[in-house]
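> What shape does this take:
(2 chains)
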Amino acid sequence: MSSTAEKVTHVSDNVAKDRFILQQLVTKDFKLRYRRSVLGVVWSVLNPLLMMIIMSFVFSYFLRGSSVENYPLYLIVGNITFGLMNEATTGGLGSIIGAAPLLKKVKVDRWVFPVQKVLSAMMNFGFSLIAVVVVMLFFQVVPTWHIVWMIPALLLLMVFCIGISLLIGAAAVFFRDMIHLWSVAITAWTYLTPIFWDLSLLTNAGAPQFVIWVVKLNPMYNYLDMMRCAIVYQASPGATVLLLAVFWALLALALGLLVFRKTEHKFILFI
Amino acid sequence: MSDTIAEPIAAEDAPVTEDVTDAVAADAAAADAATEAADYAIEVNDVSMIFNIASEQLNNLKEYFIKIMRHELFFKEFRALDHVSFKVGRGEVVGLVGTNGSGKSTMLKCIAGVLEPSEGSIVVRGNIAPLIELGAGFDLELTARENIYLNGALLGYTREFIDEHLQEIIDFAELEDFMDMPLKNYSSGMVARIAFAIATVTEPDVLIVDETLSVGDVFFQQKCEDRIRSFIDSGNVTVLFVSHSMSQVARICDRVIWIEKGVMRRDGPAKEVLGEYSAQFDPAAGQGGEKVVVERLVADAPDALLDTDRTTGLIPERDEAGNANRFFVAHTGAPIAVPAVRYQVKRGNAYLYPVLDPSLYSVVYIRNEEGKIVREAVDEGTYTVEIDLADAARTRYQLVSTSFSFTVRDFGHYDDVDSAAWYSIAVERAYDLYFLDDTPDNRLRPDEPVSRADVVELMWRMSFGAPEPVGGPACSVSPERAFTDVSGGEPFAEALAWALRAGVVLAPEKPGPFRPDDPVTREAFACMLARLARSRGAYVAPSLDALASISDADAISGWALESVAWAVAGKVMGNGGTVSSGALVSRAEAASMAVNYQPQALDGHNRLTNPR
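Alright, predicted model coming up:
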């Protein structure tokens, strides 16, 4: 390669290659998502806003007894954060199967596909945050320095989602039942997580201690709580919540990586 | 494997294809070993690929558990590759052959890193350009431009590199105008072009080519082959080439590896291995040359196919006129209809079109004397036709490769018409308009005077396709009755009969001589042309003022005055200021005046002027 030796044609290593691939795949997803849609990316903002308006219309009366002060803001933060997890993991679930044409013909690191889905979901979430800003402006909520808690919250949630995506993405290759199972799991998870309701409703109603524990251990409760601390409560999250958020992220990642690494060599035979 | 389940017996420490380009160790001992090993671009060490084939596909947990409970999960071990080892040196060009299902593709996928071998290891040094399936990794919803970046990323290019070479890729693919169109609107050939262009925009270290050259049209195939050839000639690129076309493998590769049923049968010089490989399709033939295959096929063909060119194995299908315009390739049993070759004779030019039929795996190449693939054999010269054919199932005839040559001689141009002569364009046009015909010796003899018979024939040809004379025939006497020296059997007799009907030639009062070989003066020619115009109803009576610009108008005979004036007014003659009315008309001048009479025939070119 004497003629091209001076010039850089190929990336230096796998990390750089995978980064470029990830970038291209995320761009692709983004482009295809809004291709031929009139409002395009505006939907990412509009969607959570509309959802919030409808839900707060109904539930704000229902939640009179709770301690939530700014219910619409509380609702939209919960909704988009849970939506992020939902979109990321559902994308990750079918990511390997969906990449079958590629995996069968091209040498490419397999983990990029689940990770890409999570990154795409994060990007969409970024647009949803505009909706949050709109709500904050509307209710004249001024953020304090606590807003920075959003960063660790989102990072931990991203790690958590990557772990789950690796796990279920790999599992779905071998058992397509996962696809149906996951939609049920997500629905159940939606109700178990205080998105439109508040934990105080449970405690005030005298729910058994183990139910409260289940809700508090729920990873999504912790991530939602961190996000709400940053945006709604404008306080630092509690130590328990913080520790559990870290714990769940690391556990999911470890489990996901373990299963993925163990099984990825067999993917090609099942897709 | 639609109805089977395959599970690899993958060892926990399944070896992974490594890229060891950067892994040259720093310490001396390792460095020594590395330089020694680095001579090989590809090392395949005792590789086996094992699939477990179960009797049915299990896609859900319930079925799986039920089968486990009942101990019904029986697997059959299938070795797609069985302890295959070979090394390919840097810059070597190696062909991989084998029948279908022999493990070639599995081998290629292992080397490309798509599959991981169950046993053994594969080392590839340097970057790989895998042309295994062109267009893999393309998203049909994205535009070509977006796909170039996506595909480039998958190939491991840097963004800067793609930015820099984007135009180069577009140019090579010849798709400049379609870059921002979604790929789903592309034809498969266009997709293949882009894919090939991206994969080969830079010289790779290792190039893996799997039958991709049979994608796209013949010209793009040639372009691809040229590029691959340039890589080969550079000596830096290691090429692994898989094709069903043995002639292609023979042309490109020096060394051939033959894999059969997952086992390596032979590894050696291309000629030897290909000879042995093709011999298996014809046990009787022994040392199998390509011709042997064809001859066997013809010999076994039913009687109906005996009208076969034994050297080519092609059975021409003739139309009513007896022209062969389609060919079949003979083989045992019923002929496979291969509309692969269309043979068309068009006014002396032989056209031979290759028509690719994807369902038949037939590829026809026409190569000119320089070995370049051409679409039509139009220019004079000798051409070689190569046909690669496999039947639809690709099992019985893995490959029938045949070649024959034919020669095209262009009769459209007379040997004695110098392209620099003033009349050359007129002669060419006159020929194209059917005014002139082929001559037996391919000579026009442009400077000889034209004979009366020639003029009659020329005007007859000029009126081809025109309706019968306006106002009915001028004369209904047959030529042999009108003329004493015409028997009716002469080549010009038919033309003369027409000339009498049209009034171009006037029948004498009582039978007299026609004198067919006599020359014709320019004024006589003008008279006949004017009569031709009359017979078509296209005659416009001229004003004699037209002759004012002609300096030698005084010399025109009285009987010809009106006709010459008509010819001058119509710019058929006298364009140079003289008409030389008494001079004899040469054959070239006759052609030129005939073309001038038909101004539309010149497509807006200037009228042709005889310098005299």
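> What's the per-residue pLDDT of B:Ala301 here?
pLDDT for B:Ala301: 33.
> so where's chain B uncertain?
B:1-38, B:53-60, B:67-76, B:211-218, B:244-245, B:278-366, B:374-413, B:465-468, B:470-471, B:598-612 (pLDDT under 70).
> So which residues on chain A come close to chain B?
Residues of chain A lying close to chain B (CB under 8 Å from any CB of the partner chain) are A:1-4, A:7-11, A:13-14, A:16-17, A:20-21, A:23-25, A:27-28, A:31-32, A:35, A:101-108, A:175-177, A:265-266, A:268-270. C-betas here are computed from N, CA, C, even on glycine.
> Return the subset of those residues lying in helices.
Assigned to helices by DSSP state H, the following of the residues of chain A next to chain B qualify: A:14, A:16-17, A:20-21, A:23-25, A:27-28, A:31-32, A:101-103, A:177, A:268-270.
> neighbours of residue 150, just the number please.
Since no chain was named, I'll use chain A. Applying other CB atoms under 10 Å in any protein chain shown, we find 19 residues neighbouring A:Met150.
> try chain B instead
When neighbours are counted by other CB under 10 Å, B:Leu150 registers 23.
> who's in contact with whichever strand or helix holds it?
Following DSSP states H and E, one finds B:Leu150 within helix B:144-155. With CB atoms under 8 Å, 6 or more residues apart in numbering or on different chains as the test, helix B:144-155 has contacts from A:10, A:17, A:20-21, A:23-25, A:27-28, A:31, A:102, A:106, A:108, B:129, B:137-139, B:142, B:159, B:161-162, B:166, B:169, B:175, B:178-181, B:183, B:186, B:194-195, B:198-199.
> switch to 7 Å and redo it
A:20-21, A:24, A:28, A:31, A:106, A:108, B:137-139, B:142, B:162, B:166, B:169, B:175, B:178-181, B:183, B:194-195, B:198-199 (CB atoms under 7 Å, 6 or more residues apart in numbering or on different chains).
> tell me which element B:Ala594 is part of?
Going by DSSP H and E, B:Ala594 is in helix B:587-597.
> just to revisit the earlier point, please pick the buried ones from the residues of chain A next to chain B.
Neighbour-count burial (16 or more other CB atoms under 10 Å in any protein chain shown) applied to these gives A:1, A:9-11, A:17, A:20-21, A:23-25, A:27-28, A:102-108, A:175-177, A:265-266, A:268-270.
> Just the buried residues of stretch B:266-280, please?
Here stretch B:266-280 shows B:Arg266, B:Asp267, B:Ala270, B:Val273, B:Leu274, B:Gly275, B:Glu276, B:Tyr277, B:Ser278, B:Ala279 as buried, counting by 16+ other CB under 10 Å.
> What helix or strand is the residue nearest to B:Ala594 when sequence neighbours are not counted located in?
Spatial nearest neighbour of B:Ala594, excluding adjacent residues (CB to CB, 6 or more residues apart in numbering or on different chains): B:Phe435 at 5.1 Å. Per DSSP H and E, B:Phe435 falls between elements, in no helix or strand.
> isn't B:Phe435 right next to B:Leu458, touching?
Yes: using CB atoms under 7 Å, B:Phe435 is in contact with B:Leu458, at 6.0 Å.
> shared neighbours, the two?
B:Ala594.
> The helix or strand B:Ala192 falls within near chain A at all?
Per DSSP H and E: B:Ala192 is located in helix B:188-199. No: figure legend: helix B:188-199 not in contact with chain A (CB under 7 Å from any CB of the partner chain); closest approach 10.7 Å.
> helices or strands next to that helix in the packing?
Applying 3 or more CB pairs under 7 Å, 6 or more residues apart in numbering or on different chains; DSSP states H and E, we find helix B:188-199 packed against strand B:128-131, helix B:144-155, helix B:159-173.
> hey, which of those is tucked in deepest?
Most buried of the helices and strands packed on helix B:188-199, by mean neighbour count (mean count of other CB atoms under 10 Å in any protein chain shown): strand B:128-131, with a mean of 26.
> what's the burial count for whatever residue of the stretch 251-400 of chain B ends up closest to chain A?
Chain A sits closest to B:Gly262 of the stretch 251-400 of chain B, with a gap of 16.5 Å, by CB to the nearest CB. As a burial measure, B:Gly262 scores 22 neighbours (other CB under 10 Å).
> Next: B:Gly371.
Neighbourhood size, B:Gly371 [other CB under 10 Å]: 9.
> what's the answer for A:Gln234, then?
If you count neighbours by other CB under 10 Å, A:Gln234 ends up with 16.
> Contact partners for it?
A:Pro143, A:Thr144, A:His146.
> switch the cut-off to 8 Å
Here A:Gln234 is in contact with A:Pro143, A:Thr144, A:His146, A:Ile147 (criterion: CB under 8 Å, 6+ apart).
> With distance to B:Pro542, pLDDT and neighbour count as extra columns, can I get these in a markdown table?
Shown next, in a markdown table, are the contacts of A:Gln234 (distance: CB to CB, whole Å; pLDDT from 0 to 100; neighbours: other CB atoms under 10 Å in any protein chain shown):
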| residue | distance to B:Pro542 | pLDDT | neighbour count |
| --- | --- | --- | --- |
| A:Pro143 | 100 | 91 | 13 |
| A:Thr144 | 105 | 93 | 11 |
| A:His146 | 105 | 94 | 16 |
| A:Ile147 | 100 | 94 | 12 |
